[in-house]
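*Asks:* this one's structure only:
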């Protein structure tokens with residue numbers, strides 16, 4: 001019994017001793033930092049510059065904003081915007097809007113009455129066509 005207690009206290013002491021020893025990491029010689037290294041930045045999409053979504057709440061309404069900017073030469077953008085509410089069983093659709101544009105950008109603004117105390121998500125699925133090639137882009141924002 002005395003040996004067990006002694007071994008237990010010895011192990012506890014070793015564990016506490018390890019806690020007070022700092023661990024330092026050092027960069028091996030010959031390894032360069034990433035500062036100043038030029039690396040190509042690849043776009044996330046082929047036809048699309050960016051997709052911006054914002055979801056605001058004011059006076060009991062959700063203000064849904066979306067902007068889709070195609071790359072120069074984009075001929076068509078069609079998008080479905082969805083406003084969803086998070087409940088106990090997951091996300092449920094509150095409203096959806098279909099918008100389209102025959103140019104290089106599409107702007108979207110809609111409002112919808114909402115219930116306070118829930119989390120809402122605004123998402124978009126868009127098809128962006130440029131030079132006869134169509135790509136699908138998706139993104140979402142919660143608020």
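*Replies:* Structure received. Predicted model only: the values in this text are computed from it and were never measured.

*Asks:* burial of the closest residue to residue 96 other than its chain neighbours, as a residue count?
*Replies:* Counting by Cβ to Cβ, 6 or more residues apart in numbering, residue 82 is the residue found nearest to residue 96 once chain neighbours are left out, at 4.7 Å. For the C-beta atoms, the positions are set from N, CA and C on the backbone; glycine is no exception. A total of 17 residues lie near residue 82 under the criterion other Cβ atoms under 10 Å.

*Asks:* give the next helix or strand downstream of the lowest-mean-pLDDT helix or strand in the chain.
*Replies:* Lowest by mean pLDDT, DSSP states H and E among the helices and strands of the chain is helix 2-19, with a mean of 71. Tracing the chain C-terminally past helix 2-19 and defining elements by DSSP states H and E, one meets strand 48-58 next.

*Asks:* pLDDT of that next one, averaged?
*Replies:* Here strand 48-58 scores 94 as its mean pLDDT.

*Asks:* I'd say residue 55 and residue 123 touch.
*Replies:* No. In this structure, residue 55 sits apart from residue 123 without contact. The criterion is Cβ atoms under 8 Å, and the distance is 10.0 Å.

*Asks:* I figured the residue nearest to residue 96 hits residue 91, correct?
*Replies:* No. Counting by Cβ under 8 Å, residue 82 does not reach residue 91; the two are 9.1 Å apart.

*Asks:* overlap in contacts, the two.
*Replies:* Common neighbours of residue 82 and residue 91 are listed as residue 121 (criterion: Cβ atoms under 8 Å, 6 or more residues apart in numbering).

*Asks:* any idea which strand is longest in the chain?
*Replies:* Among the segments of the chain that qualify as a strand by DSSP state E, the longest is strand 74-87.

*Asks:* so how far is that strand off the chain centroid?
*Replies:* Here strand 74-87 is found 16 Å from its chain centre; the criterion is Cα atoms, centre = their mean, to the nearest Å.

*Asks:* where does residue 98 land on pLDDT?
*Replies:* At residue 98, the model reports a pLDDT of 98.
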